[in-house]
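Peer 1: fold the following for me, if possible:
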Amino acid sequence: MSIQGVFNTQVTKSSSIWTASAFVQLTALAVCFGAWLFTDRSNPLQVFQVQPKYMLLGGAIGAFITYTVIKSMDMLGPAKAVMLIVVAQLAVAYIIELLGWFGVEKQPWEWRKLAGMALAVAGIIIFKWK
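Peer 2: Residues are numbered from 1 along each chain as shown. Presented below is the predicted three-dimensional model:
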């Protein structure tokens, strides 16, 4: 993610954020299509059998993730941006587990996981400290 974010941020400087994001998504599509050709060759229309249908929004969410990564890398620099992104992803993932959202098996609350996230936040503060 760090390397991709830096690359995408540099591409944005030569074009625009949405052009760069579209290019990222198109090149990802090309790579995935190539991998599909050389590996499983399953019916690509099977993705539409997923239930519930809102699960198909992953690509759209990915476009906004690309946008936010590019913006954060540009505004904060790669190291700070990645630290914040990772901690935010960890917090959201834990909330999803705790609440059992999106078909994920519900997990019990654990103080040590909160302590781990707090430690990660403390790491960001220490890293940012001047």
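Peer 1: could you use CA atoms for every contact and neighbour count after this?
Peer 2: Fine.
Peer 1: tell me what the helix or strand residue 95 falls within is packed against?
Peer 2: Using DSSP states H and E, residue 95 sits in helix 78-99. Contacting helix 78-99 under the criterion 3 or more C-alpha pairs under 8 Å, 6 or more residues apart in numbering; DSSP states H and E are the following elements: helix 2-14, helix 58-76, helix 111-128.
Peer 1: need the ones you listed in JSON lines (columns: mean pLDDT, mean neighbour count and distance to residue 99).
Peer 2: Formatted as JSON lines, these follow (pLDDT from 0 to 100; neighbours: other C-alpha atoms under 10 Å; distance: least, C-alpha to C-alpha, whole Å):
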{"stretch": "helix 2-14", "mean pLDDT": "89", "mean neighbour count": "16", "distance to residue 99": "29"}
{"stretch": "helix 58-76", "mean pLDDT": "90", "mean neighbour count": "16", "distance to residue 99": "20"}
{"stretch": "helix 111-128", "mean pLDDT": "89", "mean neighbour count": "13", "distance to residue 99": "15"}
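Peer 1: closest one to residue 101 among these?
Peer 2: Nearest of the helices and strands packed on helix 78-99 to residue 101, taken as C-alpha to C-alpha: helix 58-76 at 14.7 Å.
Peer 1: show residues contacting stretch 63-77.
Peer 2: The contact list for stretch 63-77, computed with C-alpha atoms under 8 Å, 6 or more residues apart in numbering, reads 5-6, 8-9, 12, 17-18, 21-22, 25, 78, 80-82, 85.
Peer 1: and what of stretch 105-120?
Peer 2: 87, 90, 91, 97, 98, 99, 100.
Peer 1: try 10 Å this time
Peer 2: Contacts to stretch 105-120, defined as C-alpha atoms under 10 Å, 6 or more residues apart in numbering, come from residues 83-84, 86-88, 90-91, 94-100, 121-126.
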